[in-house]
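*Asks:* following is a predicted model, sequence given first.
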Amino acid sequence: MNPIQGKKTFLITGVSSGFGRAFAQAALNAGHVVAGTVRREADVQTFEALAAGRAHAIALDVTDFAAIGPAVATITEKIGPIDVLVNNAGYGHEGVLEESPMEDLRRQFDVNVFGAVAMIKAVLPAMRERRSGHIINITSMGGFVTMPGISYYCGSKFALEGISESLAKEVAGFGIKVTAVAPGSFRTDWAGRSMVRAGRSIADYDALFTPIRLAREAKSGKQAGDPVKAARVLLEMIAEENPPVHLLLGTDALSLVRDKLAALSNEIETWEKVSRSTDFS
């Protein structure tokens, strides 16, 4: 049990910038203890300087699956049991499917899906034994809606949404909460330096995809979403007795997902007779 009532110990992946840094800073400002993963040794001291004695950095690549368990064990021994895991580490891949190498797909899933699952598996046994804990997976509105040119990214986020929802049902009886947080467009590095962009090679896609790529680059840094406000929501949600399994963040996410659900409902109704026709008589 934490010595200060309300104080929690967080493990947040990818705290060097963007959502990860905003989440970590908000938790530290609220008096919590935060262990954060960084990719470079040079970022360790920078992060730990945010709150001496309460900010702890771990140099860890979430795709180094064999290193995750030992790293979590080491940090737990140092700061105590993890109350909240925030799987934030991830990146965007942009490129039409036909032009995007298979290696890009593997890397996208290694970071966005397999790395998140490996982190969950590292903290889950202790949470189950304590009958408490909260696992938060940062997904995306791209885990609900799609658009041309980010099929690999959307695929990874659809996967993490499904894993999160299923996991929530598996661990609910142990007092463990699971929330998939799906942001819309926020002012992070997602569409900037953090995005991997596949090369162009097929002219047939120019008319469709070139305007999308240019618009995304132009919008980077001007998105409506505020990561600081998202971090505030995250802390408030952790305090909820019954937090949501899925939480959309941003007006654009709300609008686009509602449109998707309406279109899906209409499509189901249109093809309902065909759907029912496959049962045994």
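*Replies:* Noted; the coordinates are in hand.
*Asks:* pull up the per-residue confidence for residue 188.
*Replies:* On pLDDT, residue 188 comes in at 71.
*Asks:* excluding chain neighbours, what is closest to residue 78?
*Replies:* residue 56 (6.7 Å; Cβ to Cβ, 6 or more residues apart in numbering). C-beta: built from backbone N, CA, C; applies to glycine.
*Asks:* for the one you found, which residues make a bridge with it?
*Replies:* Under DSSP bridges, the beta-bridge partners of residue 56 are residue 35.
*Asks:* burial count for it?
*Replies:* Neighbours of residue 56 under the rule other Cβ atoms under 10 Å: 18.
*Asks:* surely it touches residue 50?
*Replies:* No. With contact defined as Cβ atoms under 8 Å, residue 56 does not count as touching residue 50 (10.3 Å).
*Asks:* what residues sit buried inside the helix-or-strand element of the chain with minimal mean pLDDT?
*Replies:* Lowest on mean pLDDT, DSSP states H and E among the helices and strands of the chain sits helix 206-219, with a mean of 88. Neighbour-count burial for helix 206-219, counted by 16 or more other Cβ atoms under 10 Å, picks out 209, 212, 216.
*Asks:* excluding its backbone neighbours, what's nearest residue 175?
*Replies:* Closest to residue 175 by Cβ to Cβ, 6+ apart is residue 131, at 4.2 Å.
*Asks:* sorry, wrong one. I was asking about residue 83.
*Replies:* Per Cβ to Cβ, 6+ apart, closest to residue 83 is residue 8, 4.1 Å.
*Asks:* so what does the one you found have for phi and psi?
*Replies:* Per-residue torsions, residue 8: phi -130, psi 160 (degrees, to the nearest 10).
*Asks:* now do residue 177
*Replies:* phi -100, psi 150.
*Asks:* same check, this time on residue 75
*Replies:* With angles defined as degrees, to the nearest 10, residue 75 sits at phi -70, psi -30.
*Asks:* what does residue 175 give?
*Replies:* Backbone geometry at residue 175, expressed as degrees, to the nearest 10, gives phi 80, psi 10.
*Asks:* my guess is it contacts residue 132. True?
*Replies:* Yes. At 5.0 Å, residue 175 counts as touching residue 132 under the criterion of Cβ under 8 Å.
*Asks:* any idea how far the nearest residue to residue 110 once chain neighbours are set aside lies from residue 117?
*Replies:* Of all residues not flanking residue 110 in the chain, residue 63 sits nearest, at 4.4 Å (Cβ to Cβ, 6+ apart). Going from residue 63 to residue 117 by Cβ to Cβ, to the nearest Å gives 12 Å.
*Asks:* ok, now residue 61?
*Replies:* 15 Å.
*Asks:* who touches the residue lying closest to residue 100 once chain neighbours are set aside in this structure?
*Replies:* Sequence neighbours aside, residue 198 is the residue nearest to residue 100 in space, at 4.3 Å (criterion: Cβ to Cβ, 6+ apart). Counting by Cβ atoms under 8 Å, 6 or more residues apart in numbering, residue 198 touches 93, 94, 95, 96, 99, 100, 101, 104.
*Asks:* is residue 161 in contact with residue 182, as I believe?
*Replies:* Yes. Residue 161 is in contact with residue 182 according to Cβ under 8 Å; the separation is 7.2 Å.
*Asks:* neighbour count for those two, which is higher?
*Replies:* Neighbour count, other Cβ under 10 Å: between residue 161 and residue 182, residue 182 has more, with 25 against 20.
*Asks:* just to be sure, residue 94 is in a strand?
*Replies:* Yes. Counting by DSSP: H, G, I helix; E, B strand; the rest coil, residue 94 is located in a strand.
*Asks:* could I get the pLDDT score of the nearest residue to it once chain neighbours are set aside?
*Replies:* Nearest non-adjacent residue to residue 94, counting by Cβ to Cβ, 6+ apart: residue 197, 4.8 Å away. Residue 197 carries a pLDDT value of 93.
*Asks:* many thanks, I have nothing further to ask.
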